[in-house]
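Peer 1: Sequence plus the predicted model coming up.
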Protein chains: 2
Amino acid sequence: MALRDELKKRGPFDSIEQEVGLSIMRTSDLIENRIARLLREHGLTMSQYNVLRILRGEGKPMPCLEVADRMIQVAPAITRVVDQLLKAKLIVKTQSESDRRVFLIELTPAAKRTLKAVDGPLLDLHAALMANVPKKSLKLLIEILEQTRDGIGE
Amino acid sequence: MALRDELKKRGPFDSIEQEVGLSIMRTSDLIENRIARLLREHGLTMSQYNVLRILRGEGKPMPCLEVADRMIQVAPAITRVVDQLLKAKLIVKTQSESDRRVFLIELTPAAKRTLKAVDGPLLDLHAALMANVPKKSLKLLIEILEQTRDGIGE
DNA sequence: CGCACTTACTTTACATGTAAACCATTCGGA
DNA sequence: TCCGAATGGTTTACATGTAAAGTAAGTGCG
């Protein structure tokens, strides 16, 4: 369905650029909702999952802010997510000995199990979300979006 | 820059579908941030602006939930935004006489002035955000994203 | 007529994002 | 060596999104 109808918008868009912007944001929203719902079934929120995923990718303890940096998130947000994950016993936090300002976080075995349980369904979900779009369009989409982001960079 | 580098991701993506999903979400985020910043200069948040914009589009008083519906937002969120806009004297709220459950909201002259002041800069911003992308790609983007959304619909 | 059901909102509780101010620790340089 | 600046985090305050429960006011049907 055309975006204009989805949004029950009366008039036409003011410009094609505006329509593209809204289109990207709307599509993103739909995808996020679906992913969030899947993760919720496993007791995780998006940002909690992201922290765990980054820690797994790294494979060893990481400073909080470095995790935040990879999520392109601001510091206060990480502090809270880390607190939640600590409470859920999905990570452990230790003070670095070489620099006592630094706190390192690390996955617990329980977190690793949870991640493993999420892997398959999440991959399936991504595939399902894009099932309607031919591979060729997907490649094109990646290219155009990358080009778009390059033009936005602050 | 490739998404993988932007996210400082170590390994490759697990699938092209996943990469597209992340790419859409990341691009959306960048756009939203820029728009939010512009609106903030005019004392508005995204959702406040959206409410005002919808009211202007309608041109006459509207029930709260109908506004929420067009924003694809859930009821509680609207209640709060409406409260803020009331406090900022950008809308007025009256109880419908025909159905006393319904509360109608309407723009104040101040809101109309604010909207008018935002129109130009916002249109310029949308154009600037997409300046890097050829018109043809924009049209393609709209098509592919629409196709994507059609495949997601719940 | 009267009671169950729906509708239009509001309230509360929780997760998240942003900005600004605040600690503690470390670093760099006079 | 001592002090101010930079760094790693936390806290607070505010806007937003979601879910769930509650309230007030219509609607429908026996």
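Peer 2: Ah, there it is. Numbers count the residues shown, from 1 in each chain, chains lettered A, B, ... in the order given.

Peer 1: Let me see the mean pLDDT of stretch A:85-94.
Peer 2: Per-region confidence: stretch A:85-94 scores 96 on mean pLDDT.

Peer 1: Can you confirm whether that stretch lies near DNA strand C?
Peer 2: No: against DNA strand C, stretch A:85-94 shows no contacts by Cβ under 7 Å from any atom of the strand, the least distance being 8.8 Å. Every C-beta, even on glycine, is put in place using the N, C-alpha and C of the backbone.

Peer 1: That stretch: which residues count as buried?
Peer 2: A:85, A:90-91 (16 or more other Cβ atoms under 10 Å in any protein chain shown).

Peer 1: Same check on stretch A:57-71?
Peer 2: Those would be A:61-62, A:64-71, for stretch A:57-71 by 16+ other Cβ under 10 Å.

Peer 1: Among the residues you listed, which ones lie close to DNA strand D?
Peer 2: The subset of the buried residues of stretch A:57-71 within reach of DNA strand D, by Cβ under 7 Å from any atom of the strand, is A:64-66.

Peer 1: Nearest to chain B among those residues?
Peer 2: A:E66 (9.1 Å; Cβ to the nearest Cβ).

Peer 1: okay, A:L7: pLDDT?
Peer 2: 76.

Peer 1: swap in A:E154?
Peer 2: In this model, A:E154 carries a pLDDT of 59.

Peer 1: Export the worst-scoring helix or strand of chain A on mean pLDDT to CSV, keeping only CA atoms.
Peer 2: Every helix and strand in chain A was compared by mean pLDDT, DSSP states H and E; the lowest is helix A:3-6, with a mean of 78. The C-alpha trace of helix A:3-6 is given here as CSV (Å, rounded to 0.1, in the frame of the first residue of the first chain):
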residue,chain,number,x,y,z
LEU,A,3,2.6,5.4,2.2
ARG,A,4,0.1,8.1,1.7
ASP,A,5,-2.8,5.7,2.3
GLU,A,6,-1.0,4.0,5.2
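
Peer 1: before we move on, the earlier item: of the buried residues of stretch A:57-71, which belong to helices?
Peer 2: Within the buried residues of stretch A:57-71, residues falling in helices by DSSP state H are A:64-71.

Peer 1: contacts with DNA strand C among those residues, please.
Peer 2: A:M71.

Peer 1: can you tell me which of the ones in helices among the buried residues of stretch A:57-71 lies nearest to A:L125?
Peer 2: Among these, A:M71 lies closest to A:L125 (Cβ to Cβ), at 19.9 Å.

Peer 1: quick one: buried residues of the longest helix anywhere in chain A?
Peer 2: Ranked by residue count and defined by DSSP H, the top helix of chain A is helix A:16-41. Neighbour counts over helix A:16-41 (16+ other Cβ under 10 Å) mark A:16-32, A:34-35, A:38-39 as buried.

Peer 1: re the thing from before, can you put the buried residues of stretch A:85-94 in a markdown table and add secondary structure and distance to B:T114?
Peer 2: As requested, the buried residues of stretch A:85-94 are exported to a markdown table (DSSP: H, G, I helix; E, B strand; the rest coil; distance: Cβ to Cβ, whole Å):
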| residue | secondary structure | distance to B:T114 |
| --- | --- | --- |
| A:L85 | helix | 41 |
| A:L90 | coil | 45 |
| A:I91 | strand | 45 |
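
Peer 1: which bits of chain A sit near DNA strand D?
Peer 2: Proximity of chain A to DNA strand D is confined to A:33, A:63-66, A:75-76, A:78-80, A:82-83, A:99, A:101-104 under the rule Cβ under 7 Å from any atom of the strand.

Peer 1: if you set the cut-off to 10 Å instead, what comes out?
Peer 2: Contacts of chain A with DNA strand D, taken as Cβ under 10 Å from any atom of the strand, map to A:29, A:32-33, A:36-37, A:40, A:45, A:61-69, A:74-83, A:86, A:93, A:95-96, A:99-105.

Peer 1: related to what we said a few turns ago, and the longest helix of chain A, what does it pack against?
Peer 2: With contacts defined as 3 or more Cβ pairs under 8 Å, 6 or more residues apart in numbering or on different chains; DSSP states H and E, helix A:16-41 has these neighbours: helix A:3-6, helix A:46-58, helix A:109-129, helix B:16-41, helix B:109-129, helix B:135-152.

Peer 1: That one vs helix B:109-129, what angle?
Peer 2: Counting by axes from the mean of the first three to the mean of the last three Cα atoms, to 10 degrees, helix A:16-41 lies at 90 degrees to helix B:109-129.
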